[in-house]
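Asker: whatever this is, show me its structure:
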Amino acid sequence: MSPFKFVIPFLLSLCLAHYVCAQEVTDDYSFFRNPSTPVFSDGDSLANAWGGGINGIRLSEIDLDRDGNKDLFAFEKHGNRALTFLRRGDKYLFAPEYARRFPELHDWAILQDYDNDGKPDIFTYGLAGIRVFHNISDTQLEFELVTDQLQAFYYNGYVNIYASPDDYIVVEDVDGDGHVDILNFWVLGKYVHYLRNYATQPGQFDFRLESECWGHFEEAADGNAITLFSDCGEKSDDGHTRHVGSSMLLHDFDDNGLPDILVGDIDAPNLAMLYNHGTGEEARMTMMDTLFPAGAPVHLYSMPAPSLVQLPGQVRPSLIASPSDPALAKSQDLNSVWRYDFDTTLQQYTLVNTAFLQEDMIDMGSGSHPVFFDWDGDGLLDLFVANYGSFDSANVVNGFVQSSFSSSIRYYHNVGSSQQPAFELADDDFGHLKELNIKALHPSFGSFYGDSRTDMVCGQEDGTLLLIPHERIASESDFFIENYQEIDVGKYSTPTLFDLDYDRRTDLIIGNQEGKLYYYRNITACSPHRFELITDNLGQVDVCDHEQSYFGYSVPCFYSDTLNGTVLFCGSDRGYVFCYKNIDNNLYGTFTLSGVVWDNEDETCQHCAIPFKDGRRVAPAIAHLGEDAYPDLIAGNYAGGLTYLKGRAPANHPAGISEHTYSPATLSPNPTNGPIDIDYPDGEVKTVIVYNLAGQILARYGSRHLDISHLPDGLYILEINHSYRTKLIKSTH
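Answerer: Numbering: from 1, shown residues only. Coordinates of the predicted model:
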């Protein structure tokens, strides 16, 4: 096996560890997480709807709110996401406010109490080694860095302990002396090293190499086969290119007083149970079960990482298995957290759930792109969510897993009110597009034929567009148009329709894998629409971090308000939502980056914001969803879920028009079928701007008399004299 196989992940880890996400925060908009907005599926309320989805996690127990109960901490490698759940009775409720109290973590994280104070500390990946944070919580959760690199005595002196970014090591008291020890794979894989902690006091570290062949077993150089009764004699590179990545869990599963070990391996779906029949001084794995647990063995692509957590009502800790493969497109994404409870009658672990925690979330599988549109014309914005795809099947080709995914769109009907949105799943395959077997759908809605019926244009993985006519959406035909108008933006097209030049014709702005924006102007003189490419680098927008990647995965969403005019919120592979201004009358210039969207701790805190970052390939949708004057933002991510960010007044807002307070004006009639008069006691009506709920400017007027008969039925916002806003309902019924 070539040692160069390990050089690349090592160098990459150095880059990632030193990459500090010091993004400027935009002060033009302010948001806080709001996970309480109701979402219903099959008549049931999703308790953790806005948890952001899960593709693969490892669980640990910790008391997050200091109430004496063990809550759950989940770490997901994809996007380095920390998810926190509070135990409430026999349920776990998503509580994102606690995740921000953890330090920035990457690649893997294990919670283990090393100083025996009852508070789990953090062991996580560092610079090709192990970082440690001490839990110093008192009344609230808090950690401090202990070391950036744990050391151990090897042969002639103390050196840094090696750890791979793709392995889940063991941090446990292996020998029962009250001090945590470490089991990790040798730098070239195959064999497990035992680093015993010789410290004499709790909370101290004095690791020394105790055994180069703990358990006397070895992994194959070119697969996941395990050989027992090994003396680990061959330590040189054997010429094979063994894959990197293994997961381990230590526990006495057969109750013989000796620790057994569960091992997962990259590109393999199973866990291998190795039973220890050695002694307390020397572990020897003499029996192996590759179909563990019996009856319903773990079968999760790829490299399932096992963990044990004490769940409510269980006599023994439950076994949780979830993928930990670093590759994005392998996970059995919709059923990727398998829960096994111990059956005391059968005396074995039994499968009770394949979607633990994620079953209570909006979870699209892999990737999620939210879009707002009032599909049923009731004046409330509905929610549409597309995905990269959801797992269909997997095959192992030449030792490597190749998974198949296909994309679809879900339609969540807004069953709430203009004061409070609520969403109910109405169609899990909107437009029945799953059968097309394509990937990375991204929809935008409009009338492309001038017949007032809503069609849908979709981006996809190959960078072209699909036009889905109304007839197909209404299930009246199977017709759709591939390669719409021969538009091609390279890879991963993400179109949005927006009247960018205010000529009352919606234009096409399309993001792509490169991280830039294409602008196609609508040059339609009569139906159907025709689009002309104006630029492949609109506003010089580029959300790619060129020091870290070749790709940016831009996802544009436009919004208009009085203070800033047209504003661009652009999602990215990095997980940030970038905010750009200086767009109006500057379509051939450079847009101004005002920063990234921030995430306040709660509704009341004005100065405790951090940059919003939620995994990878974040995709934003912004609109007015509630009774206040501030837009809300829903963001998708590669884990397949959504985050709801409630809008609030930015801390720097001046008084006056920036408050967007609702108007004392009276609209007559309201609802209206078109004509309307404004009774405005504060003086003369000089300017009226009509917005839809997505923040798009639809019309401008210069008097108190206006006619909106050209607009479709729905709910609109009128802004009067750039000072006040009020709501208007257009209805012809």
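Asker: from here on, contacts and neighbour counts on C-alpha atoms
Answerer: Noted.
Asker: residues contacting Glu142?
Answerer: Arg101, Phe102, Asn135, Ile136 (CA atoms under 8 Å, 6 or more residues apart in numbering).
Asker: let me know the closest of these to Asp599.
Answerer: Distance to Asp599 across the contacts of Glu142 (CA to CA) is lowest for Arg101, with 13.2 Å.
Asker: Ala109 versus the closest one, what's the distance?
Answerer: Plainly put, Arg101 is 15 Å away from Ala109 if you go by CA to CA, to the nearest Å.
Asker: higher neighbour count, these two?
Answerer: Ala109 (27 against 14; other CA atoms under 10 Å).
Asker: does that one touch Phe73 like I think?
Answerer: No. Here Ala109 does not reach Phe73: they are 9.7 Å apart, not a contact under CA atoms under 8 Å.
Asker: which pLDDT value belongs to Lys5?
Answerer: Here the pLDDT value assigned to Lys5 is 33.
Asker: the one 5 residues further on now?
Answerer: For Phe10, the pLDDT comes out at 35.
Asker: make a markdown table out of the contacts of Glu142 and add secondary structure and pLDDT.
Answerer: Below are those laid out as a markdown table (DSSP: H, G, I helix; E, B strand; the rest coil; pLDDT from 0 to 100):
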| residue | secondary structure | pLDDT |
| --- | --- | --- |
| Arg101 | helix | 94 |
| Phe102 | coil | 96 |
| Asn135 | strand | 97 |
| Ile136 | coil | 96 |
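Asker: which of those residues are buried?
Answerer: Buried members of the contacts of Glu142, scored by 16 or more other CA atoms under 10 Å, are Phe102, Asn135.
Asker: Ala355: which of the contacts of Glu142 is nearest?
Answerer: Phe102 (25.0 Å).
Asker: now do that closest one against Asn80, distance only.
Answerer: 12 Å.
Asker: what stretches of the stretch 401-550 of the chain score poorly on pLDDT?
Answerer: For the stretch 401-550 of the chain, no stretch is flagged by pLDDT under 70.
Asker: let me see the contact set for the closest residue to Val489 other than its chain neighbours.
Answerer: In space, and not counting its chain neighbours, Val489 is closest to Gly463: 5.0 Å by CA to CA, 6 or more residues apart in numbering. In this structure, Gly463 makes contact with Asp488, Val489, Gly490, Lys491, Tyr492, Ser493, Asn512, judged by CA under 8 Å, 6+ apart.
Asker: TSV for the residues you listed, including distance to Ala623, neighbour count and secondary structure?
Answerer: Converted to TSV, these look like this (distance: CA to CA, whole Å; neighbours: other CA atoms under 10 Å; DSSP: H, G, I helix; E, B strand; the rest coil):
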residue	distance to Ala623	neighbour count	secondary structure
Asp488	28	18	strand
Val489	26	22	coil
Gly490	29	14	coil
Lys491	27	18	coil
Tyr492	24	28	coil
Ser493	22	32	coil
Asn512	22	28	coil
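Asker: out of those, which is nearest to Leu300?
Answerer: Tyr492 (27.2 Å).
Asker: that closest one touches Ile438, doesn't it?
Answerer: No. Between Tyr492 and Ile438 there is no contact under CA under 8 Å: 11.5 Å.
Asker: so where do the helices sit in this structure?
Answerer: Shown for the chain, the helices assigned by DSSP state H span residues 4-18, 470-473.
Asker: for stretch 580-599, which positions count as buried?
Answerer: 580-583, 587, 590-599.
Asker: just how off-centre is it within its chain?
Answerer: 25 Å (CA atoms, centre = their mean, to the nearest Å).
Asker: which other residues reach it?
Answerer: 23-33, 500-501, 538-541, 564-569, 576-579, 609-612, 645.
Asker: shaky segments in the protein?
Answerer: In the chain (pLDDT under 70), the answer is 1-23, 234-244, 602-608, 651-663, 694-695, 722-723, 733.
Asker: at the geometric centre of it, which residue sits there?
Answerer: Asn637 (3.6 Å; CA atoms, centre = their mean).
Asker: just give the number of residues close to the nearest residue to it once chain neighbours are set aside.
Answerer: Distance criterion CA to CA, 6+ apart; nearest residue to Asn637, sequence neighbours excluded, is Val618 at 4.4 Å. Burial measure for Val618: 32 neighbouring residues, criterion other CA under 10 Å.
Asker: and Val618, how far from Gly280?
Answerer: 49 Å.
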